[in-house]
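Engineer: generate a structure from the sequence data that follows.
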Amino acid sequence: MRRLAAVGSLGFAAAAAALAVVLAIERFPRGIAVLACLAVALAAGWLALRDEGPRRLLAAGVGVLALIAAAVLLVDLGDILADLGVVVAFALALSLARIAFRVHVDLPRAPRPTRPVLFFNPRSGGGKASRFHLAEEARGRGIVPIELGRGEDLRELVEGAIEDGADALAMAGGDGSQAIVAEIAARRGLPYACVPAGTRNHFALDLGVDRGDVVGSLDALVDGGERRVDLAEVNGQVFVNNVSIGVYAEAVQRPGYRDAKLRTLLEVAPERLGPADSGPPLRWRGPDGEEGGDAVALLVSNNVYRLGATLGSGSRPHLDEGVLGIAAAEMGETGGSVPVGLALRQWRRASFTVDADDPVPLGIDGEAVTLAPPLEFASLPGALTVRIAPGHPGASPSTEVPRGLGRAVAKLVRIAIGGNRAAVDGSGSS
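Structural biologist: Numbering: from 1, shown residues only. Have a look, this model is predicted:
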């Protein structure tokens with residue numbers, strides 16, 4: 001399966017590239033006008049994001065008109081099906097590449113706990129716990145379910161369960177709740193299982209839990225495999241994914257964020273991206289020890305995210321490297337109100353410090369928090385023992401994805417010719 005997927009991915013990618021070149025030659029020079037319209041639309045969209053009131057409406061209008069003009073030019077260029085063919089071939093190439101790079105790790109089997117406990121938030125993920133009957137499924141596996149009621153303190157519930165004899169912990173809820181249970185499990189030396197019953201379940205994805213198999217993830221505390229992963233902390237507060245400072249962090253702080261996330265982000269964006277930045281000035285040092293610039297956003301993560309890649313973007317290939325991933329989106333020089341560029345820098349450190357003159361609003365695993373500076377970040381290597389269900393991948397989907405297009409193509413070629421029989425394989429065959 002893996003080998004066939006690699007062959008198919010390379011074939012569709014070659015077909016998409018060849019067709020795109022042919023179309024570009026046939027349509028010269030009007031194709032340049034399409035690119036110009038798209039560039040205008042992108043610049044106008046940026047201004048609409050940064051500005052407010054009439055200027056936002058004007059920029060949005062220009063962006064829409066530019067997109068319409070590009071669409072009209074494409075229609076005038078003739079065979080729209082050919083353009084669709086390029087897109088479809090490219091999409092198929094990406095989908096098959098993901099299958100070719102899919103992993104499945106055979107983790108060491110761990111002894112079954114005698115009194116495992118599942119904590120679940122019935123409101124998370126639109127009510128996934130109720131929809132999948134998690135309490136009943138847990139009881140059927142010998143796992144004690146404990147519901148987190150409104151107004152109850154999750155920490156107190158977990159500590160109370162441990163005092164009553166719990167020897168393994170699982171959490172079905174969002175990543176903020178996962179962090180609480182994971183921190184207690186690490187401190188108490190107990191195994192932990194992540195049940196993907198939240199909305200996005202980023203931690204589950206990077207652990208190698210199948211997010212589409214909510215019920216099956218309970219088997220982690222029945223006959224699951226075991227691995228150790230890192231946690232991270234800021235001023236003593238543990239997080240499993242990341243801490244954001246800037247646009248997203250300030251949006252999370254707004255009262256209406258949970259009910260209208262996109263609208264809240266659009267309201268905050270002009271304040272952070274515009275000339276009159278309302279955020280507290282931050283002091284930090286970049287990868288070479290230089291003073292940090294005017295960051296639109298800072299992201300400090302538990303291990304390093306792969307950002308900007310076509311395959312595996314937004315996930316962490318590893319959760320056991322004992323480092324923090326740091327990403328800074330910084331404004332370039334501006335001419336008038338139009339930015340020359342928005343630069344993204346990434347680096348890794350075992351610790352990281354952000355200072356400020358005033359308390360700093362943060363988004364810690366998506367939860368709104370405000371902390372007094374300085375913000376002291378640190379990795380906690382190998383702090384958590386995780387159990388993963390035997391049928392689940394056991395590793396992040398980006399673990400086997402090489403960095404860079406050239407390396408990815410080279411690896412697909414090796415898989416296709418049968419010369420890259422990896423130790424981890426999502427299909428069980430190559």
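
Engineer: where do the helices sit along the stretch 101-250 of the chain?
Structural biologist: All helices of the stretch 101-250 of the chain, identified by DSSP state H, counting those that start in this stretch, fall at 128-131, 134-140, 154-163, 175-188, 202-207, 220-223, 247-253.

Engineer: same check, this time on the stretch 251-400 of the chain
Structural biologist: Secondary structure of the stretch 251-400 of the chain (DSSP H, counting those that start in this stretch): helices at 261-273.

Engineer: SS state for residue 401?
Structural biologist: Assigned with DSSP: H, G, I helix; E, B strand; the rest coil, residue 401 falls in the coil class.

Engineer: so it makes contact with residue 313?
Structural biologist: No - Residue 401 lies out of contact with residue 313 (Cβ atoms under 8 Å); the separation is 9.6 Å. To be clear about C-beta, it is placed using only N, CA and C from the backbone, and glycine gets the same treatment.

Engineer: picking up where we left off before, so which of the helices of the stretch 101-250 of the chain gets nearest residue 115?
Structural biologist: helix 154-163 (8.8 Å; Cβ to Cβ).

Engineer: who touches that closest one?
Structural biologist: With contacts defined as Cβ atoms under 8 Å, 6 or more residues apart in numbering, helix 154-163 is touched by 117, 119, 144, 146, 148, 169, 177, 180, 181, 184, 188, 190.

Engineer: tell me, what residue is most central in the chain?
Structural biologist: residue 314 (3.8 Å; Cα atoms, centre = their mean).

Engineer: may I see the ChimeraX selection of the buried members of the contacts of helix 154-163?
Structural biologist: Buried residues among these (16 or more other Cβ atoms under 10 Å), as a ChimeraX selection:
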select :117,119,144,146,148,169,177,180,181,184,190
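
Engineer: out of the contacts of helix 154-163, which comes closest to residue 98?
Structural biologist: Distances from residue 98 to the contacts of helix 154-163, taken by Cβ to Cβ, are shortest for residue 177, at 28.8 Å.

Engineer: shouldn't the closest one be in contact with residue 148?
Structural biologist: Yes - applying Cβ under 8 Å as the test, residue 177 and residue 148 come out as touching, 7.4 Å apart.

Engineer: against residue 108, how distant is residue 132?
Structural biologist: Look at residue 132 and residue 108: by Cβ to Cβ, to the nearest Å, they are 28 Å apart.

Engineer: who has more neighbours, the two?
Structural biologist: The residue with more neighbours, out of residue 132 and residue 108, is residue 132; 19 against 7, by other Cβ atoms under 10 Å.

Engineer: got the phi and psi for the more buried one?
Structural biologist: phi -100, psi 10 (degrees, to the nearest 10).

Engineer: once you drop chain neighbours, what's closest to residue 37?
Structural biologist: residue 70 (3.8 Å; Cβ to Cβ, 6 or more residues apart in numbering).

Engineer: tell me which element residue 71 is part of?
Structural biologist: Element membership of residue 71, judged by DSSP states H and E, is helix 53-76.

Engineer: what mean pLDDT does that helix get?
Structural biologist: The pLDDT scores in helix 53-76 average 70.

Engineer: now the element after that helix, going C-ward?
Structural biologist: Immediately after helix 53-76, counting by DSSP H and E, sits helix 80-100.

Engineer: and that next one, which residues are buried?
Structural biologist: Buried-residue list, helix 80-100, by 16+ other Cβ under 10 Å: 83, 85, 86, 89, 90, 92, 93, 96, 97, 98, 99, 100.

Engineer: and the gap between the fourth one and residue 9?
Structural biologist: Taking Cβ to Cβ as the measure, residue 89 falls 11 Å from residue 9.

Engineer: related to what we said a few turns ago, switch the contacts of helix 154-163 over to CSV; also include pLDDT and distance to residue 368.
Structural biologist: Shown next, in CSV, are the contacts of helix 154-163 (pLDDT from 0 to 100; distance: Cβ to Cβ, whole Å):
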residue, pLDDT, distance to residue 368
117, 98, 28
119, 97, 22
144, 97, 31
146, 97, 25
148, 94, 19
169, 98, 25
177, 95, 15
180, 96, 15
181, 97, 20
184, 98, 21
188, 97, 27
190, 98, 28
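
Engineer: for the protein, which strand is longest?
Structural biologist: strand 375-388 (DSSP state E).

Engineer: please name every helix or strand in contact with the helix or strand following that one.
Structural biologist: Once the chain leaves strand 375-388, the next helix or strand it forms, by DSSP H and E, is helix 405-416. Secondary-structure packing of helix 405-416 (3 or more Cβ pairs under 8 Å, 6 or more residues apart in numbering; DSSP states H and E): helix 2-27, helix 80-100.

Engineer: pull out the buried residues from helix 405-416.
Structural biologist: 408, 409, 411, 412, 415, 416.

Engineer: ok, residue 209 - contacts?
Structural biologist: Residues near residue 209 by Cβ under 8 Å, 6+ apart: 194, 195, 196, 201, 217, 220, 388, 389, 392, 393.

Engineer: wait, I meant residue 352
Structural biologist: 284, 300, 324, 326, 377 are the contacts of residue 352 under Cβ under 8 Å, 6+ apart.

Engineer: 7 Å instead, please
Structural biologist: Shown in contact with residue 352 (Cβ atoms under 7 Å, 6 or more residues apart in numbering): 300, 324, 326, 377.

Engineer: among the residues you listed, which two are most distant?
Structural biologist: Every pair of the contacts of residue 352 checked by Cβ to Cβ; the farthest is 326 and 377, at 8.3 Å.

Engineer: need the residues touching each of these two.
Structural biologist: Common neighbours of residue 326 and residue 377 (Cβ under 7 Å, 6+ apart) are 300, 352.

Engineer: how about CSV for the helices and strands packed on helix 405-416, with distance to residue 358 added?
Structural biologist: Output for the helices and strands packed on helix 405-416, formatted as CSV (distance: least, Cβ to Cβ, whole Å):
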stretch, distance to residue 358
helix 2-27, 50
helix 80-100, 44
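
Engineer: possible to save those as a markdown table with mean pLDDT and distance to residue 368?
Structural biologist: What follows is the helices and strands packed on helix 405-416, written out as a markdown table (pLDDT from 0 to 100; distance: least, Cβ to Cβ, whole Å):
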| stretch | mean pLDDT | distance to residue 368 |
| --- | --- | --- |
| helix 2-27 | 75 | 41 |
| helix 80-100 | 76 | 33 |
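
Engineer: closest one to residue 112 among those helices?
Structural biologist: So among the helices and strands packed on helix 405-416, helix 2-27 is nearest, using Cβ to Cβ, at 31.7 Å.
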